[in-house]
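**Student:** Have a look at this prediction, sequence included:
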Protein chains: 2
Amino acid sequence: MISLNIGNMVSEVIGRAGLTEKEIEGLKEKALLAHGEVAKGLAFMDLTEQDTSGVKKIAEEIRAKAEGFILLGIGGSALGPKSILEAMSPMHNLKNSPKVFVYDNVDPSTLKNILSLVDLRKTAVNVITKSGSTGETMASFMALYEGGPAALIVATTDPEKGALRKLVGEKGFRSLPIPSPLGGRYSVLSPVGLLLAGVIGVDPDELLRGARAMKERCSNPELWENPAYLFGALLYLMDKLKGRRITVMMPYSDRLKVLGEWFCQLWAESLGKSGVGLTPYPSLGTTDQHSQVQLWMEGPEDKVVVFVRVLDHGADIKIPEVFKETETGYLGGHSLGELMNAEEESTELCLAKAGRPNMTLEAPAVNAFYMGQLFYFFELATAFTGFLYGINPFDQPAVEEGKRFTYGMMGRPGFEAKRLEVQEARLKKACWRV
Amino acid sequence: MISLNIGNMVSEVIGRAGLTEKEIEGLKEKALLAHGEVAKGLAFMDLTEQDTSGVKKIAEEIRAKAEGFILLGIGGSALGPKSILEAMSPMHNLKNSPKVFVYDNVDPSTLKNILSLVDLRKTAVNVITKSGSTGETMASFMALYEGGPAALIVATTDPEKGALRKLVGEKGFRSLPIPSPLGGRYSVLSPVGLLLAGVIGVDPDELLRGARAMKERCSNPELWENPAYLFGALLYLMDKLKGRRITVMMPYSDRLKVLGEWFCQLWAESLGKSGVGLTPYPSLGTTDQHSQVQLWMEGPEDKVVVFVRVLDHGADIKIPEVFKETETGYLGGHSLGELMNAEEESTELCLAKAGRPNMTLEAPAVNAFYMGQLFYFFELATAFTGFLYGINPFDQPAVEEGKRFTYGMMGRPGFEAKRLEVQEARLKKACWRV
């Protein structure tokens, strides 16, 4: 089971910079109210019970027929699947078939590159947009749809509504459902992430089994018995009582780097609204010790660091006893995994000593079961934290305005005024170029 | 030439959230003092004049002999080369030889993967550490050195001092110099980055030609005539006068994603000290519009966004006129590149309208010449900003303590007390696990 250690968040361990038990107890009432919101039932919580036979059938078909698999999606619809790919099959395309590409942007040079590497006629395209109207995703899909007949097209979208669902009916695409009330950033354990899992040979049921275990573990309304709630509660208090508004997410495992990015998307878009919010910050140990730790140790006191520590890296490499006479000779006889985990612990301790709060999630290993646990843990923690702030963790109202300017520039009827506004803004800015 | 537009940073354009001309003028004296520090000469400034024949000779040898190229380095020593790789040869390993791996961590599962993909006897290993005592880098090197005789070993290190330089003498490795006064995070235009450039077929001289052009462009002490100074000055003022301490770096080009991460390392480690500092934040357009823009628009008012806009993406893909009857039918007839740049402009404008300051760097294209310009621009801007804060932008004092704990745990003689300290901390934390 994934566990959470919060020692370096409390005053008993790290002194003045930490939270007192009284401060944590003081949140109880608010926490119970937030739990009340959770207990009404949230869309992502139901995913643990879903029937995966449809996903598995299509995944098998793709594995049998296709040399390439291109996933089109953006935001949560891409980062979820991508985090499964990176964790479960790193360097996938150098070793495995079908080759998998997550195209989550509209950069034409990237798509050109992908198309030079696969034969579209032997490639499955999975287009993911719940609404069916996500501009970037549909633009890419339109380009691929015309570009040549893909071997197989799978549309992952709302089960009933939207333009893409309509196209499924008209064009006969295969399709998978994203339950209507489910937002993109909470969708990794829906067919959004599960199809890619199946395509790379990861059992979708194992991911769900992990999520179920975490659901069970985090069902108690009591903070001290619920690691996901405790996680959110402490970060909320660190903002409110200590002015720490940045949440650094720092896994010590290359395979969890994208999981960290997925968390950041989830945390940022769910919690950043109405003038409040915690800013998530993606990091990677040991690498970013040589990049960010200086700032965390001595920079502004506005951060809390969340470490993710992996006990078994799945492989280890011995550091042989060479170069004995040099400064790093002492490393001989140890292993890279040992060094990695020692550095994680050192960084925790250094921060704690400098009065910089941090906490640690510990995963026994990186596999589908624990990935399922982590996904569920972070989703629940995010929703709960949103309720503590009194905001809706499932909307993203501020993203709409940007779309309207883009519509204007791309000539969508009805948005002519927006186009003019862009042109005016351009003129106003023109003289400020150096 | 790269240009900078600061319209959305000034009150004349965005109103109250912007800086007034008077406020900017008020920094003049301080800026002149900072310029005085720059004018004394900084190590990275001299790199534009270096002789690249040594680098080019070794790069040619590797291209002729090796099927694989493994770069061992961490922090700036890895992110610089990696940003060149991603910008100049995206998806390199799926198309090109030698295959290139930047191993910038001690994750054993990653190294196992790399070793399963190359034959070490046909592989060149480039170990990069100026001091010769970077634990992570030397541990990886020790593992590879014993693991089997690489085809070719190149040590990039101090020209005279340090353990790795000594090994060069003893073992006969090929070597390249990192000038003594140069810090890792300012080293991308030294052999640290130039060797990898040469190995993937990018002309090191072209990178330096770009840097020279930017050096020339940014030689004027006058803020309004020096885009790198203006960049730093405005971000400094946004911190001091408006409490905006987070610098979001958002290129609209997949190929510049790692450049953004390189910038973040440079900015964080150079400026985060003595209780001050700007926190850089890596982002990518359009992707992260679906991840972070919600938070920037409506979350805490603590950020300034820096866009990097690319005029020519090197390739473009037409969006065909299909699905006309759907909501995204209006996209037909445009291109992906056009959509990408329209979204960039929309996001700028949205933020500006919401009183969220931002500025835009514009690059005509992504090539070696403009990469050289960008590297130099950001290095100069970072150093200058450090001088505005009155801190030393070239040290990283807080990183040392963590190393001592790791020494303790790894049994380095003389650090037994640190080992005990770790064990005590472990005990203290043990009961805080949920």
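**Tutor:** Sure thing, it's come through.

**Student:** Residue A:415: neighbouring residues, count only.
**Tutor:** Residues within reach of residue A:415, counting by other CB atoms under 10 Å in any protein chain shown, total 19. Where C-beta positions appear, they are placed from N, C-alpha and C, glycine not excepted.

**Student:** Next: residue A:39.
**Tutor:** Neighbour count for residue A:39, taken as other CB under 10 Å: 12.

**Student:** what separates stretch A:15-34 from the chain centre, distance-wise?
**Tutor:** Centroid separation between stretch A:15-34 and its chain, computed with CA atoms, centre = their mean, to the nearest Å, is 27 Å.

**Student:** distance between the ends of that stretch?
**Tutor:** 29 Å (CA to CA, to the nearest Å).

**Student:** all strands for the stretch 151-300 of chain A, in order.
**Tutor:** A:152-157, A:174-177, A:246-251, A:279-282 (DSSP state E, counting those that start in this stretch).

**Student:** Just send those strands back as CSV, with distance to residue B:170, mean pLDDT and mean neighbour count too.
**Tutor:** Below are the strands of the stretch 151-300 of chain A laid out as CSV (distance: least, CB to CB, whole Å; pLDDT from 0 to 100; neighbours: other CB atoms under 10 Å in any protein chain shown):
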stretch, distance to residue B:170, mean pLDDT, mean neighbour count
strand A:152-157, 58, 97, 24
strand A:174-177, 61, 98, 19
strand A:246-251, 37, 97, 25
strand A:279-282, 41, 92, 26
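
**Student:** now those strands in a markdown table, with distance to chain B?
**Tutor:** As requested, the strands of the stretch 151-300 of chain A are exported to a markdown table (distance: least, CB to the nearest CB, whole Å):
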| stretch | distance to chain B |
| --- | --- |
| strand A:152-157 | 12 |
| strand A:174-177 | 15 |
| strand A:246-251 | 7 |
| strand A:279-282 | 6 |
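
**Student:** export those to a markdown table and tack on distance to residue B:102?
**Tutor:** Converted to a markdown table, these look like this (distance: least, CB to CB, whole Å):
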| stretch | distance to residue B:102 |
| --- | --- |
| strand A:152-157 | 33 |
| strand A:174-177 | 36 |
| strand A:246-251 | 18 |
| strand A:279-282 | 18 |
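
**Student:** Angles on the backbone of the closest residue to chain B within the stretch 1-150 of chain A, please.
**Tutor:** Ranked by CB to the nearest CB, the top residue of the stretch 1-150 of chain A for proximity to chain B is residue A:75, at 2.8 Å. Dihedral pair for residue A:75: phi 70, psi -140, per degrees, to the nearest 10.

**Student:** per-domain residue ranges of chain A.
**Tutor:** Domains of chain A are assigned by automatic domain parsing as A:3-39+A:209-389, A:46-205, A:401-430.

**Student:** Identify all contacting residues around the biggest strand by length in chain A.
**Tutor:** Counting by DSSP state E, the longest strand found in chain A is strand A:303-312. The set of residues external to strand A:303-312 that reach it, using CB atoms under 8 Å, 6 or more residues apart in numbering or on different chains, is A:9, A:231, A:234-235, A:238, A:244, A:246-253, A:256, A:259-260, A:281, A:283, A:285, A:296, A:341, A:344-345, A:347-348, A:351, A:356-366, A:374, B:279.

**Student:** and with 7 Å instead?
**Tutor:** If you take CB atoms under 7 Å, 6 or more residues apart in numbering or on different chains as the criterion, strand A:303-312 is touched by A:235, A:238, A:244, A:246-253, A:256, A:296, A:341, A:344, A:348, A:351, A:357-366.

**Student:** got it, and stretch A:48-59?
**Tutor:** A:154, A:174, A:176, A:191, A:194-195, A:198-199, A:204-205, A:208, A:211-212, A:215.

**Student:** now with 8 Å?
**Tutor:** By CB under 8 Å, 6+ apart, stretch A:48-59 touches A:154, A:174, A:176, A:189-191, A:194-195, A:197-199, A:204-205, A:208, A:211-212, A:215, A:376.

**Student:** Would you pull up how far stretch A:38-46 lies from the middle of the chain?
**Tutor:** With CA atoms, centre = their mean, you get 19 Å for stretch A:38-46.

**Student:** again, but for stretch A:255-270
**Tutor:** With CA atoms, centre = their mean as the basis, stretch A:255-270 stands 3 Å off its chain's centre.

**Student:** cool, stretch A:418-428 as well?
**Tutor:** 35 Å.

**Student:** got a list of contacts for that stretch?
**Tutor:** For stretch A:418-428, contacts defined as CB under 8 Å, 6+ apart pick out A:404-405, A:407-409, A:411, B:7, B:13, B:345-346, B:349, B:352.

**Student:** so who does residue A:11 touch?
**Tutor:** Residue A:11 sits next to A:17-20 when contact means CB under 8 Å, 6+ apart.

**Student:** how about TSV for the residues you listed, with distance to residue B:274, neighbour count and pLDDT added?
**Tutor:** Converted to TSV, the contacts of residue A:11 look like this (distance: CB to CB, whole Å; neighbours: other CB atoms under 10 Å in any protein chain shown; pLDDT from 0 to 100):
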residue	distance to residue B:274	neighbour count	pLDDT
A:17	18	20	96
A:18	23	21	97
A:19	26	22	98
A:20	29	14	97
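
**Student:** tell me the secondary structure for the residue of chain A most remote from its centre?
**Tutor:** Most distant from the centre of chain A: residue A:325, at 44.4 Å, with distances by CA atoms, centre = their mean. Using DSSP: H, G, I helix; E, B strand; the rest coil, the structure places residue A:325 in coil.

**Student:** List the contacts of the nearest residue to residue A:117 once chain neighbours are set aside.
**Tutor:** Leaving out its chain neighbours, the residue that sits closest to residue A:117 by CB to CB, 6 or more residues apart in numbering or on different chains is residue B:94, at 5.4 Å. Counting by CB under 8 Å, 6+ apart, residue B:94 makes contact with A:93-94, A:99, A:117.

**Student:** Farthest pair within the residues you listed?
**Tutor:** Greatest spatial distance among the contacts of residue B:94 (CB to CB): A:94 and A:117, at 11.7 Å.
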